[in-house]
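Novice: pasting the sequence and the predicted model now:
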Amino acid sequence: CVLQCSSRPRCLHKAKGGVFAKGIRKRGRGGQRWWRLVVVDLSERQSRREGDDDDAVGGGGALMVLVTVALMGFKTSGPEELLLQSEAARLKTPLTAKHGALDRHSPAPGPSTAPLAANMPPRGLPLDSRCLLTLVCFVAFAVQGLGGGAEGSAVGVPVTDLQDSYPPRHAIFKYYPPEEGTKSRQYPHGKAQEYQRRTYRDGYIVDVHERNTEEARERERLASNVHNTVRKAAEVHRRVRKYALDELIKPGVKLIDMCESLENATRTYLEADARGPYAGVKAGIGFPTGCSINHVAAHYTPNPGDKTVLEYDDVMKLDFGTHVDGYIVDSAFTWAPNPKYENLLRAVRAATEAGIEAAGVDVRLCDVGEAIQEVMESYEVVIDGRTYPVKCVRNLQGHSIRPYEIHAGKSVPIVAGGDHTKMEEGEVFAIETFGTTGKGYVREVGECSHYALNQDPTGAALKRIRVAEARQLAERIKKRFSTLPWCKRYLERMPKGESRYHLYLRNLVSSGVVEAYPPLCDIKGSYVAQYEHTIILKPTGKEIVSAGDHLGMDW
């Protein structure tokens, strides 16, 4: 509750949120002074502004309104008093009051104001003292709110009573109350794996004796905030995967409808749309939802107008990302309800698990690729009476991840013979594998849907663009997506709409400002499967951050 005063009434009419009584006037020697009691609904205001730092306001808010109104000695009568009490109790609709006297010598209230008058301080109490009492009450309420914020959500639902609904309706932070005495929210850990001592054929040794020291634990503690941010994005990914499997993915669904529902769920959980047109840069979708089918291995998402329908015999790779503060979680799985593809899926999943187990601090990337290939190519699959060996797609790889960079420089091969670059402590990797019944090599085929701005710290490439409309499009893309990948559907979601972007987008691609990522395809008639998880190489062990037991979502 805030008491505002001004000699300019216009200044008191600019509030855009909260519940308030405005325009209460007092005449005095200093001329007219305009007073307004502002009862701010902290749950709504902070949830829009700060997201994670939101603390719920419980039933004490209504009591605070009445106490403050009483202390300030408002003069009300009849319907106004009833409106004040009922609306303050609910904290939903604006309180209104006609201009009345804020005067300590005002006459005694009539019968209609008796309930409020009973709580008012003596009329002889100085105004400064009333303000002081108001401040004391507000501080007490604030302390109570901080301690009790964990017991209620911003929508009046206790946090412990929130249940997932389809489609999702609550931001992810509302499921995880802050720790007692702090505003810090801790999100679920992924699956933990210990580092293993390894000796390779060429004599190279990876030791783990430095991974269980007090120094290593202290380094991990110092990085805990970053790890918690990644876990927040990972928790959203798990919940959206579960939503997709339970509700969205089914034969007969249009792929564009499935992708948009999935992406809207991510936006809801991470409040991307609730905090302004550029909120997706702060938290939201990590990259467009890939739903590549059959021989298409990656980088396909429906463009506007695409009417492709999912069928029972399809092999679909669902690959999407979430991010918080640029920390991207990348995970994928394959949907293929027909049991004839079961061995293909089993091979690729086992290969991904082998790659995760082989990864670790000081492990060479080539050794991870060798472990993946050994498992993958030990399988074969019989489809419609014909036997196919499962092959690794040798020109598709896993990758390291940095903030706002989905491909951060290091590539994790899925075949033997890669380079000897080592994985390092603190790095984040997407371990992904692709198995196919085709050639084992993909090419760029078809209409492009995935794009991203190239890294250009100086902006030199943007300045070289001569077409003004193309330059303006690039600037809007940079504000809305930064260097995160996006697709054509996202351009049409922009506030002003981008219905005539095609020509300007081609100009940006040809000038090198934007990188295009067309669909990657094996030969027609083949089937490609994919599985992927994001891991963190912590000082004391690795964490498969996108996997977790509490939702039953290993994939």
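Specialist: Perfect, I can see it now. It should be emphasised that the depicted structure is a prediction, and the values quoted were computed from it without experimental measurement.

Novice: all contacts plus neighbour counts: C-alpha atoms, from now on.
Specialist: Fine.

Novice: which helix or strand contains G369?
Specialist: Using DSSP states H and E, G369 maps to helix 365-376.

Novice: do you know the pLDDT at V296?
Specialist: pLDDT recorded at V296 is 98.

Novice: since we're on it, how many residues are nearby?
Specialist: 27 (other C-alpha atoms under 10 Å).

Novice: let me see the contact set for the nearest residue to A354 once chain neighbours are set aside.
Specialist: Nearest residue to A354 in three dimensions, chain neighbours excluded: I372, at 5.8 Å (C-alpha to C-alpha, 6 or more residues apart in numbering). By C-alpha atoms under 8 Å, 6 or more residues apart in numbering, the contact list for I372 reads A351, T352, A354, G355, I414, V415, T433.

Novice: what's the mean pLDDT across the helix holding G369?
Specialist: Across helix 365-376, pLDDT averages out at 97.

Novice: now do stretch 165-184
Specialist: On average, stretch 165-184 scores 89.

Novice: with stretch 234-245 instead?
Specialist: 96.

Novice: list the buried residues of that stretch.
Specialist: By neighbour count on 16 or more other C-alpha atoms under 10 Å, the buried set for stretch 234-245 is A234, E235, V236, H237, R238, R239, V240, R241, K242, Y243, A244.

Novice: who's in contact with it?
Specialist: 166-167, 172, 187-188, 258, 262, 265-266, 269-270, 321-322, 329, 331, 545-548, 551, 553, 555.

Novice: repeat that for stretch 502-515.
Specialist: 451-454, 461-462, 465, 467, 469-470, 473-474, 516.

Novice: okay, buried residues for that stretch please.
Specialist: Y504, L505, N507, L508, V509, V513, V514, E515.

Novice: how about stretch 334-351?
Specialist: 334-337, 341, 343-351.

Novice: ok, stretch 253-267 next?
Specialist: With burial defined by 16+ other C-alpha under 10 Å, the residues of stretch 253-267 counted as buried are 254-267.

Novice: between the residues you listed, which sits nearest D314?
Specialist: Of all those, D314 sits closest to L255, with 12.1 Å by C-alpha to C-alpha.

Novice: how would you label Q186: helix, strand or coil?
Specialist: Three-state call for Q186 (DSSP: H, G, I helix; E, B strand; the rest coil): coil.

Novice: same deal with I401?
Specialist: Three-state call for I401 (three-state DSSP): strand.

Novice: and for I431?
Specialist: strand.

Novice: how far away is it from L484?
Specialist: Per C-alpha to C-alpha, to the nearest Å, I431 is found 19 Å from L484.

Novice: neighbour count for the two, which is higher?
Specialist: I431 (29 against 25).

Novice: hmm, the more buried one is touching I544, no?
Specialist: No: with contacts counted by C-alpha atoms under 8 Å, I431 stays clear of I544, the gap being 9.8 Å.

Novice: between those two, which contacts overlap?
Specialist: Residues touching both I431 and I544 by C-alpha under 8 Å, 6+ apart: H533, T534, I535.

Novice: using JSON lines, lay out the residues you listed together with distance to Q196 and neighbour count.
Specialist: Formatted as JSON lines, the shared contacts of I431 and I544 follow (distance: C-alpha to C-alpha, whole Å; neighbours: other C-alpha atoms under 10 Å):
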{"residue": "H533", "distance to Q196": "19", "neighbour count": "24"}
{"residue": "T534", "distance to Q196": "19", "neighbour count": "27"}
{"residue": "I535", "distance to Q196": "16", "neighbour count": "29"}
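
Novice: among those, which are in helices?
Specialist: When these are checked against helices using DSSP state H, none is located there.

Novice: nearest to Y312, out of the residues you listed: which one, please.
Specialist: Of all the shared contacts of I431 and I544, Y312 sits closest to H533, with 25.4 Å by C-alpha to C-alpha.

Novice: on that earlier part again, and the buried residues of stretch 502-515, which of them are in helices?
Specialist: Filtering the buried residues of stretch 502-515 for helices - DSSP H - leaves Y504, L505, N507, L508, V509.

Novice: now do A452, the pLDDT please.
Specialist: Per the predicted model, pLDDT is 96 at A452.

Novice: what is the neighbour count of the nearest residue to it once chain neighbours are set aside?
Specialist: Nearest residue to A452, sequence neighbours excluded (C-alpha to C-alpha, 6+ apart): P485, at 4.4 Å. P485: 23 surrounding residues under other C-alpha under 10 Å.

Novice: I'd say P485 and N454 touch.
Specialist: No: the criterion here is C-alpha under 8 Å, and P485 misses it with N454 at 9.9 Å.

Novice: the closest residue in space to P337 that isn't next to it in sequence: how many residues sit nearby?
Specialist: Closest residue in space to P337, ignoring its immediate chain neighbours: Y312 at 6.5 Å, by C-alpha to C-alpha, 6+ apart. Neighbour count of Y312, defined by other C-alpha under 10 Å: 12.

Novice: residues in contact with Y312?
Specialist: Neighbouring residues of Y312 by C-alpha under 8 Å, 6+ apart: K250, P251, A336, P337, N338.

Novice: host element of the fourth one?
Specialist: Spelled out, that is P337. Here P337 is assigned to no helix or strand, by DSSP H and E.

Novice: do I have it right that it meets E311?
Specialist: No: with contact defined as C-alpha under 8 Å, P337 does not count as touching E311 (9.6 Å).

Novice: what's the overlap in contacts for these two?
Specialist: With C-alpha under 8 Å, 6+ apart, P337 and E311 have no common neighbours.
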